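Student: Predicted model, plus sequence, below.
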There are 2 protein chains.
Amino acid sequence: MMEREDREMSDLQKPVRTIADLAKIAGVSAGTVSRALAGNSLVNAKTRKKIEQLAREHDFRPNQMASKLRRQKTGVIGVIIPLGHDRHQQISDTFFMTLLGHLADELTEKGYDLMLRRVIPQQDEDWLDRFIRSGMIDGVLVIGQSNQFDRIEEIADGYLPMVVWGNHQEGQRHCVVGADNRLGGRMAAERLITAGAKRLAFLGDTGPFEFAARFAGARDVADRMGVGIEPVSVHLSPDQTGREIATFLAERRDEIDGIFAASDTIAFACLRELQRMNVPVPQQMKLIGFDDLPIAAQTIPPLTTIHQDISAGAHGMVDLLLRRLDKEDTESLVLPPRLVIRGTA
Amino acid sequence: MMEREDREMSDLQKPVRTIADLAKIAGVSAGTVSRALAGNSLVNAKTRKKIEQLAREHDFRPNQMASKLRRQKTGVIGVIIPLGHDRHQQISDTFFMTLLGHLADELTEKGYDLMLRRVIPQQDEDWLDRFIRSGMIDGVLVIGQSNQFDRIEEIADGYLPMVVWGNHQEGQRHCVVGADNRLGGRMAAERLITAGAKRLAFLGDTGPFEFAARFAGARDVADRMGVGIEPVSVHLSPDQTGREIATFLAERRDEIDGIFAASDTIAFACLRELQRMNVPVPQQMKLIGFDDLPIAAQTIPPLTTIHQDISAGAHGMVDLLLRRLDKEDTESLVLPPRLVIRGTA
DNA sequence: TAGAGAATTTCAATCGATTGCAAAAACGTG
DNA sequence: CACGTTTTTGCAATCGATTGAAATTCTCTA
């Protein structure tokens, strides 16, 4: 009876927005409420139960901003995607988006929230620093080095809790997680040549370091085997890609018989153009991609490609970041790529 | 000379972490610094310049947490993805991820940050409330109703700044943006039947409202045309999908000649299985998808599907949310789907 | 040059939770 | 029952920026 009355009264008043309000109702001090709600502490079990009960009844949640301010940590990890070389790349980039999904899961599991930001470095010199120093995040994950390698290096000198997805360069200072792109590139070229190709093309913009490394790896092998390979710049906005590839193929398809696409997305577009031109794959043109997106297995013929383990990558990034939050200066993590032979090479 | 000395000294000391530190250096009060950095205000232009200069030199950024706490708004919009029916769906769900990308762009453009959270409602009854009431976000965008329609409805009664991507039900209370799934379903079935199909199957879990509506639309048409249609439950974890479809086809492919896949992703898997079984598409089996993902144009044969305008959807969600942040009680937005006829039906 | 009025700046309270330290209560034991 | 411990609580300072109101300085006119 009494209890019902209490509840009804509270429904009418219902000004329980702060820990102090709740403290008044519970007849204790704000400090006690804070401790009680924090779960463990030196609060009497009975008082804790009572406060928890009251909090539930009044549907009270402590204000995170106040908490974060006071504790000087936010429980939020920033994830930033620099759209450096190609404004439209990542919008459609399944690879990065999938990585993001996995990162979200890993971070959630560790009790962190995720703040996402996409930036165009050309428009904002200060993109990384601004995010880091905003006071909103405890650490940052950078998805893709884009063409911002140097800036990331600068930041890394003074800021520990940062892990980057991308390519590892000899002697670099920032902690990076990523596949061994150069090795992957080698595997790709080797496969094309093994499959019988004699004159190769690399489809993709060699500006970004990941792509550059893939090309470099392929060239290592091509040179060694005495096979020609040339890079063909291809942009990644959905409408451009197809057109650029079509133009290239129209002019040069007779000169080459093996194509290494910098990513599966490019490979798909390429496959499509080849089929449109009735060039039999792999008989007349070998084709290999990079990433091994889920749909790679679904094309006809299914795409031969270099597999990257996205899930392991995400796990590694979060693991390293958490260790860095504990002041440990971790090494980079280079994941082994894997050749997946399917139907195109 | 003097200036150099100043700079070097500051490099040594460099304790400019708060607005008060900067105020001391500038020889003004904290309030003035705050106003100066806020840009416009009633600060003398000269002092403002000076403070800005100093801030730049000392690489100072105001603490966001303090600011947010004081101003009682965060400048952050929460984006939450409930993984209701199928834990693994969204990990691979290109559609939602692409939508997320567009949302990030739209929000950035409007000056908001984005906090991402993926939740499993079964494990956390309170998923939506907790996020909203955390004090970390000014508003929330829900990506997909999943099987949480009722909970979302409850919340909508007491919380204005929420916009949901999903299906619109007659008389619902929460503001939703999404394609007219029922109409899309009708278009799909009509197309299959026009293309000559006489016995249809719907591939997908009819639990989620979006899918249910697509099925309902298809059934409207099927019934009207005197054609049979039956739903076949298919899960969305990458490894299950293919197997389930294969099983289904193995048993029943002779009984049907038209398949409406609840999403392009399912359609791809289906196309693959059909080709594996040497069932000619579209001759012996018509197939239509839903979403029109970029790769839909890239399969062989290219996928006939129902197009959803993701970009317009994202734009609409953000637009509605901003208006709701201004206390306007907006209507839902139903986007027209569009039939894209390609090679599979 | 005094003084009204405008332009700047300072002051101090505030946002809401956390936490070290001190005070109070509860418990035990001789 | 008194006194030493151990548990629980309360107090008050703190995190760092913002902002209304008060105080100061500057302008300009009579």
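Tutor: Perfect, thanks for sending it. Not measured: the values here are computed from a predicted model. Numbers count the residues shown, from 1 in each chain, chains lettered A, B, ... in the order given.
Student: ok, A:Leu100 - contacts?
Tutor: By C-beta atoms under 8 Å, 6 or more residues apart in numbering or on different chains, the contact list for A:Leu100 reads A:Val79, A:Ile81, A:Leu116, A:Ile143, B:Met97, B:Leu100, B:Leu116. C-beta coordinates here come from the backbone N, C-alpha and C atoms, glycine included.
Student: Pull out the buried positions in stretch A:145-162.
Tutor: In terms of neighbour count (16 or more other C-beta atoms under 10 Å in any protein chain shown), stretch A:145-162 has its buried residues at A:145-149, A:151-152, A:155-156, A:159-162.
Student: from the contacts of A:Leu100, which single one is nearest B:Gly226?
Tutor: Distance to B:Gly226 across those (C-beta to C-beta) is lowest for B:Met97, with 39.6 Å.
Student: Would you verify that that closest one is located in a helix?
Tutor: Yes. The assignment for B:Met97 by DSSP: H, G, I helix; E, B strand; the rest coil puts it in a helix.
Student: Next one: it from chain A, what distance?
Tutor: Computed as C-beta to the nearest C-beta, to the nearest Å, the B:Met97 to chain A distance reads 4 Å.
Student: tell me, how many neighbours does the nearest residue to that residue once chain neighbours are set aside end up with?
Tutor: Closest residue in space to B:Met97, ignoring its immediate chain neighbours: A:Met97 at 3.9 Å, by C-beta to C-beta, 6 or more residues apart in numbering or on different chains. Applying other C-beta atoms under 10 Å in any protein chain shown, we find 20 other residues in the vicinity of A:Met97.
Student: Can you give me the separation between A:Met97 and A:Val79?
Tutor: 12 Å (C-beta to C-beta, to the nearest Å).
Student: for chain A, what spans make up the helices?
Tutor: Secondary structure of chain A (DSSP state H): helices at A:2-13, A:19-26, A:30-37, A:45-57, A:64-71, A:94-109, A:127-132, A:149-158, A:181-194, A:209-225, A:238-252, A:264-276, A:310-325.
Student: Now mean pLDDT too, for those helices, in CSV please.
Tutor: CSV is the format used below for those (pLDDT from 0 to 100):
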stretch, mean pLDDT
helix A:2-13, 45
helix A:19-26, 93
helix A:30-37, 93
helix A:45-57, 92
helix A:64-71, 93
helix A:94-109, 89
helix A:127-132, 90
helix A:149-158, 93
helix A:181-194, 97
helix A:209-225, 94
helix A:238-252, 87
helix A:264-276, 90
helix A:310-325, 96
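Student: right, and these - which one's nearest B:Arg199?
Tutor: Nearest to B:Arg199 among these is helix A:264-276 (30.9 Å), distances taken as C-beta to C-beta.
Student: And that closest one, what's buried?
Tutor: Here helix A:264-276 shows A:Asp264, A:Thr265, A:Ile266, A:Ala267, A:Phe268, A:Ala269, A:Cys270, A:Leu271, A:Arg272, A:Glu273, A:Leu274, A:Gln275 as buried, counting by 16+ other C-beta under 10 Å.
Student: Same list, those residues, but only the ones touching chain B.
Tutor: Under the cut-off given by C-beta under 8 Å from any C-beta of the partner chain, chain B has A:Phe268, A:Ala269, A:Leu271, A:Arg272, A:Gln275 from these close to it.
Student: isn't the fourth one right up against B:Pro301?
Tutor: Which is A:Arg272. No. If you go by C-beta atoms under 8 Å, A:Arg272 and B:Pro301 don't touch, sitting 11.2 Å apart.
Student: Contact partners for A:Ser338?
Tutor: I think there's a mix-up here, since residue A:338 is Arg and not Ser. A:Ile306, A:His307, A:Asp309.
Student: Show me what the second one is bridged to.
Tutor: It refers to A:His307. Beta bridges link A:His307 to A:Asp291, A:Arg338, judged by DSSP bridges.
Student: And for it, the neighbour number?
Tutor: A total of 19 residues lie near A:His307 under the criterion other C-beta under 10 Å.
Student: so it touches A:Arg342, yeah?
Tutor: No. Assessed by C-beta under 8 Å, A:His307 is found out of contact with A:Arg342, at 10.7 Å.
Student: And for A:Leu183, the neighbour number?
Tutor: For A:Leu183, the neighbour count with other C-beta under 10 Å is 17.
Student: before we move on, what about the one 5 residues further on?
Tutor: Other residues near A:Ala188 come to 31 when the count uses other C-beta under 10 Å.
Student: Might you report the residue contacts of it?
Tutor: Shown in contact with A:Ala188 (C-beta under 8 Å, 6+ apart): A:Arg214, A:Gly217, A:Ala218, A:Phe260, A:Ile288, A:Phe290, A:Ile306, A:Leu339.
Student: And the second one, how close does it get to B:Leu54?
Tutor: Looking back up the chat, that one is A:Gly217. Taking C-beta to C-beta, one finds A:Gly217 at 48 Å from B:Leu54.
Student: More neighbours: these two, which one.
Tutor: Shown here are A:Gly217 and B:Leu54; by other C-beta under 10 Å, A:Gly217 has more neighbours (24 against 21).
Student: just to revisit the earlier point, for A:Gly228, state which of the ones next to chain B among the buried residues of helix A:264-276 is nearest.
Tutor: A:Leu271 (22.1 Å).
Student: is it true that the closest one touches A:Thr344?
Tutor: Yes. Counting by C-beta under 8 Å, A:Thr344 is a contact partner of A:Leu271 at 6.9 Å.
Student: which residues are in contact with both of the two?
Tutor: With C-beta under 8 Å, 6+ apart, A:Leu271 and A:Thr344 have common neighbours A:Val281, A:Leu287, A:Thr299, A:Leu303.
Student: Reformat those as TSV; add pLDDT, neighbour count and distance to B:Gln122.
Tutor: TSV is the format used below for the shared contacts of A:Leu271 and A:Thr344 (pLDDT from 0 to 100; neighbours: other C-beta atoms under 10 Å in any protein chain shown; distance: C-beta to C-beta, whole Å):
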residue	pLDDT	neighbour count	distance to B:Gln122
A:Val281	92	21	45
A:Leu287	97	28	43
A:Thr299	79	27	35
A:Leu303	94	29	36
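Student: With respect to DNA strand D, which of the contacts of A:Ala188 is nearest?
Tutor: A:Arg214 (43.4 Å; C-beta to the nearest atom of the strand).
Student: residue contacts, that closest one?
Tutor: Contacts of A:Arg214 by C-beta under 8 Å, 6+ apart are A:Asn181, A:Arg182, A:Gly184, A:Gly185, A:Ala188, A:Phe202, A:Gly204, A:Phe260, A:Ala262, A:Phe290.
Student: Now the stretch 101-250 of chain A against DNA strand C: closest residue?
Tutor: For the stretch 101-250 of chain A, C-beta to the nearest atom of the strand, closest residue to DNA strand C: A:Gly135, 13.2 Å.
Student: measure that residue to B:Ala218 for me?
Tutor: 52 Å.
Student: swap in A:Val340?
Tutor: 36 Å.
Student: So those two - more neighbours on which side?
Tutor: More neighbours surround B:Ala218 than the other of A:Val340 and B:Ala218, with 30 against 18 (other C-beta under 10 Å).
Student: In contact with that one, which residues?
Tutor: Per C-beta under 8 Å, 6+ apart, neighbours of B:Ala218: B:Gly185, B:Arg186, B:Ala188, B:Ala189, B:Leu200, B:Phe202, B:Ile229, B:Phe260.
Student: Please name the residues that touch A:His102.
Tutor: Counting by C-beta under 8 Å, 6+ apart, A:His102 touches A:Ile310, A:Ser311, A:Gly313, A:Ala314, A:His315, B:Ile91.
Student: okay, now the first one: neighbour count?
Tutor: As a burial measure, A:Ile310 scores 23 neighbours (other C-beta under 10 Å).
Student: isn't it right next to A:Phe96, touching?
Tutor: No. Between A:Ile310 and A:Phe96 there is no contact under C-beta under 8 Å: 9.5 Å.
Student: Touching stretch A:194-207 from outside, list them.
Tutor: For stretch A:194-207, the external contacting residues (C-beta under 8 Å, 6+ apart) are A:85-86, A:147, A:189, A:192-193, A:211-212, A:214-215, A:218, A:222, A:227-236, A:245, A:248, A:252, A:255-263, A:266-267, A:270, A:282, A:286, A:345.
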